[in-house]
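Undergrad: okay, sequence plus prediction incoming.
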Amino acid sequence: MPNRFDLITQLVPASSAGTCFFLLFLYFIFIRKVRTGPGLSFAIYLLVLGIFVFLKPFQLLSINPDLQHFICNIRYLALMPFGGPMFYYTINHLNGSKSVSRKKLIILGSVFALVYLIFNDPQKNTSSYALTVSMFYGLVFFVIPGSLSLKNWLLTKKESQQGLHFSLGALLFGLALMISAGLNTFWVLYFVALPSALFCAYAVFLELKEVHNRLDHIIPLFKEELLQDIQILNKESEKIEQYLHLAGIVKSPDIFWVLKLDTKDSQQEESFEFSPEIRTLLEKEFQRLFPSGYLLFSVGNQRLALCFSTLDLEADENESLNKAEEIRSYIENHSQKTLSIGLGNVYPKLHSLRQSYKEAINAQEYASRIGSNIVAHWDDIENPSKQQRYPALERDELLLEIRQGRAEECKLIASKFSEKLLAYSLDDLGTYKQAVQEILAFAGDSAKSAGMEHDYIHQLNRTAYQDLEGLCKQSDIQKFFCETMEKFSQEVSSSPKKRENTLISKSIQYVEDHIQESISADQLARELYISPSHFRKLFRESMDCAPSQYIARKKMEKAQEMLGDTDKNITEVAMSLGYNDSNYFSTVFKKWVGLSPREYKKSLNSTTQN
């Protein structure tokens, strides 16, 4: 049985570290769902380290010497072919180098394992050679790649610290393995295994934090685009399901309906922006009423809500009315404000979303006309089929002119269309504003389909919505509408070349800002959200060279500057520019400059001396 010293220095740390490694492995497999590439290699590395350290207590607690020897061999058979090679392969990819073959690394690790098993035979008294093999294994697969990765991170000063902590964890493990094998005292290895696992866990925490920060930026943009799709399209179920996943609504809803909310002061008649207090109250009440999920959108001074449920369709027809009434009462009781709520029908399929949206809009407009503190359902509207025909044909003609960038024709059609839109709204200012707001969303989508940047369109729409809210006369709204439609078409007419120039400028700026990192054309395309093939075509047309050639040229210009103005040696310059292999760097340098880095540095020195 192990003594107290072994219990403290080996059993407890080994069990804790093994558990930590196993949990990280499960995270990568079942949460991240990595199945290929460097991610899978790192997951295997975590699993193997978990097996290696977790089996140590079983080896120590075993009474049978043969069983102890067998467990020891199993541990090293797992570690040597797969542990170190998987780390080596992963960290090289993380640092931008793809020159290392995973298959060759596994073969080399298997050779170490075979030699270790040959020498690790108690009957032959060759265990000292097995310890030497362990030392060299730790040096080759953990200490050297971990040190190089750490040096590369310190030289390039990358923003992401995941590679730094992965490297520190592996470097600690490798050093502990070497020290333990050299001194033949393995408590050091298992005592250090726990901080090594914690470094890996912290790296995963940083990754989760980075993903969360990206989602905080992406979700509002996705939500804004989703709202425009709801206003425009008839089928957007796939995009809604994607958003539900991003928003954390994991369970797929069985039914849904749309609520349109407008708020007024109990002493006044006009609508106003939802205050932070009202928004907080709404969020709280929606969380209580809709555990299956909901989405709240800002539409001018109003709110649009998509409500999801897992109840059956027939039961929730009345339930939707009851919940809308609870929302209205809750806001009235907790503030001095009143709500008029329009309610669309309940539907079982997401592709019926626009239908419920249209019904909710009309119901809310009906509620606003007959009172300031009521809930109105689509079915409450008298003879809804007798409403003025919506000018869909004229709208389609207007959107076609926007897509084709014909400003003069667009302005003429917009003038005629606005008059028909006003007639459709029955001369009601609120209804007319809402109709114009919908067309702004249509126009933005048409401009995006013509090649304009999404972020720019969102900004145009936001500005237009704000300007529209400040208008109180029909004539002013008509004038604003025609001018805005003309502006959209003018932007589209100049957008293709403008967009291309913007993309190329962004790519050039990215290269300048990240010159110390390993950069590829595919990476630049991902940063610009366009396909790699399209990016290469645009770049070559604009710059008369391929992106890879431009990147290499800029790096070599920077290399010449560093070789002349700094005391760094060739390897340090190569690492500072994202090259992990100084020989490859020298080859590229000679191709572009005509001299090797060493020859170039000598020529500079001789010029200075002369």
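TA: Okay, I see it.
Undergrad: residues in contact with whichever strand or helix holds Pro13?
TA: Here Pro13 sits within helix 12-26, counting by DSSP states H and E. Here helix 12-26 makes contact (CB atoms under 8 Å, 6 or more residues apart in numbering) with 43, 46-47, 49-51, 53-57, 190-191, 193-194, 196-198, 200-201, 204. Backbone N, C-alpha and C define where each C-beta goes, glycine included.
Undergrad: report the buried residues of the following helix or strand past that helix.
TA: Counting by DSSP H and E, the next helix or strand C-terminal to helix 12-26 is helix 37-54. Buried residues in helix 37-54, counted by 16 or more other CB atoms under 10 Å: 38-54.
Undergrad: same check on stretch 173-182?
TA: Buried residues in stretch 173-182, counted by 16+ other CB under 10 Å: Phe173, Gly174, Leu175, Ala176, Leu177, Met178, Ile179, Ser180, Ala181.
Undergrad: quick check: chain neighbours aside, which residue is closest to Ser340?
TA: Ala367 (4.1 Å; CB to CB, 6 or more residues apart in numbering).
Undergrad: let's verify the nearest residue to Val133 once chain neighbours are set aside: helix, strand, or coil?
TA: Distances taken as CB to CB, 6+ apart put Tyr116 closest to Val133, at 4.6 Å, once the chain neighbours are dropped. Under DSSP: H, G, I helix; E, B strand; the rest coil, Tyr116 falls in the helix class.
Undergrad: mind listing what Tyr116 touches?
TA: Taking CB under 8 Å, 6+ apart as the test, what Tyr116 contacts is Tyr76, Met80, Ala130, Val133, Ser134, Tyr137.
Undergrad: can you redo those as a markdown table with neighbour count?
TA: Below are the contacts of Tyr116 laid out as a markdown table (neighbours: other CB atoms under 10 Å):
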| residue | neighbour count |
| --- | --- |
| Tyr76 | 20 |
| Met80 | 27 |
| Ala130 | 19 |
| Val133 | 22 |
| Ser134 | 24 |
| Tyr137 | 26 |
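Undergrad: inside helices: which ones of these?
TA: Using DSSP state H, the subset of the contacts of Tyr116 located in helices is Tyr76, Ala130, Val133, Ser134, Tyr137.
Undergrad: count the residues that sit near the closest residue to the last one other than its chain neighbours.
TA: Going back to what we said before, that points to Tyr137. Nearest non-adjacent residue to Tyr137, counting by CB to CB, 6+ apart: Phe112, 4.8 Å away. Neighbours of Phe112 under the rule other CB atoms under 10 Å: 21.
Undergrad: next, Phe112: secondary structure please.
TA: Going by three-state DSSP: Phe112 is helix.
Undergrad: please tell me how far it sits from Pro145.
TA: Phe112 sits 15 Å away from Pro145, taking CB to CB, to the nearest Å as the criterion.
Undergrad: what sits against Glu325?
TA: If you count contacts by CB under 8 Å, 6+ apart, Glu325 has them with Val375.
Undergrad: now it: which helix or strand?
TA: helix 313-334.
Undergrad: got the buried residues for that helix?
TA: Asp316, Glu317, Glu319, Ser320, Leu321, Lys323, Ala324, Ile327, Arg328, Tyr330, Ile331.
Undergrad: swap in stretch 59-72?
TA: For stretch 59-72, burial by neighbour count (16+ other CB under 10 Å) applies to Gln59, Leu60, Gln68, Ile71, Cys72.
Undergrad: greatest separation within those residues: which pair is it?
TA: Leu60 and Cys72 (10.4 Å; CB to CB).
Undergrad: on that earlier part again, downstream of the strand or helix carrying the residue nearest to Ser340, the next helix or strand is which one?
TA: Ala367 belongs to helix 353-370 when elements are defined using DSSP H and E. Going down the chain from helix 353-370, the next helix or strand is strand 375-377, by DSSP H and E.
Undergrad: just checking, what packs against that following strand?
TA: In terms of contacts (3 or more CB pairs under 8 Å, 6 or more residues apart in numbering; DSSP states H and E), strand 375-377 is packed against helix 313-334, strand 337-343, helix 353-370.
Undergrad: make it 10 Å
TA: Secondary-structure packing of strand 375-377 (3 or more CB pairs under 10 Å, 6 or more residues apart in numbering; DSSP states H and E): strand 255-265, helix 313-334, strand 337-343, helix 353-370.
Undergrad: now do the second one and strand 337-343, the angle between them.
TA: So that's helix 313-334. Per axes from the mean of the first three to the mean of the last three CA atoms, to 10 degrees, the angle that helix 313-334 makes with strand 337-343 is 170 degrees.
Undergrad: averaged pLDDT, helix 313-334. What do you get?
TA: Per-residue pLDDT over helix 313-334 has a mean of 75.
Undergrad: Ile8 contacts Phe191, doesn't it?
TA: Yes - between Ile8 and Phe191 there is a contact under CB atoms under 10 Å: 8.7 Å.
Undergrad: so for these two, which residue has more residues nearby?
TA: Phe191 (18 against 13).
Undergrad: still on that earlier bit, in strands, which of the buried residues of stretch 59-72 appear?
TA: Using DSSP state E, no member of these falls in strands.
Undergrad: now for the chain, the helix or strand with the poorest mean pLDDT.
TA: helix 237-246 (a mean of 59; mean pLDDT, DSSP states H and E).
Undergrad: pLDDT weak spots in the stretch 301-450 of the chain?
TA: Along the stretch 301-450 of the chain, segments meeting pLDDT under 70 span 301-304, 309-317, 348-354, 368-372, 382-390, 392-393, 449-450.
Undergrad: hmm, I was thinking of the stretch 151-300 of the chain
TA: For the stretch 151-300 of the chain, the ranges with pLDDT under 70 are 156-162, 210-275, 292, 297-300.
Undergrad: if we use 50, what do you get?
TA: Scanning the stretch 151-300 of the chain for pLDDT under 50 picks out 233-236, 250-252, 266-272.
Undergrad: on that earlier part again, what would the buried residues of helix 313-334 look like in TSV with distance to Leu595?
TA: Putting the buried residues of helix 313-334 into TSV (distance: CB to CB, whole Å) gives the following:
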residue	distance to Leu595
Asp316	77
Glu317	81
Glu319	79
Ser320	77
Leu321	81
Lys323	76
Ala324	77
Ile327	75
Arg328	79
Tyr330	77
Ile331	76
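Undergrad: widest-spaced pair of the residues you listed?
TA: Pairwise distances across the buried residues of helix 313-334 peak at 23.1 Å for Glu317 and Ile331 (criterion: CB to CB).
Undergrad: who's in contact with Ser603?
TA: Gly564, Leu595 (CB atoms under 10 Å, 6 or more residues apart in numbering).
Undergrad: which SS class is it?
TA: Strictly by three-state DSSP, Ser603 counts as helix.
Undergrad: from Leu595, how far out is it?
TA: Taking CB to CB, one finds Ser603 at 7 Å from Leu595.
Undergrad: now swap in Glu541 and tell me
TA: 32 Å.
Undergrad: where does Phe308 land in three-state SS?
TA: Classification of Phe308 using three-state DSSP returns strand.
Undergrad: and it, how many neighbours does it have?
TA: Neighbours of Phe308 (other CB under 10 Å): 21.
Undergrad: with that, I have no additional questions.
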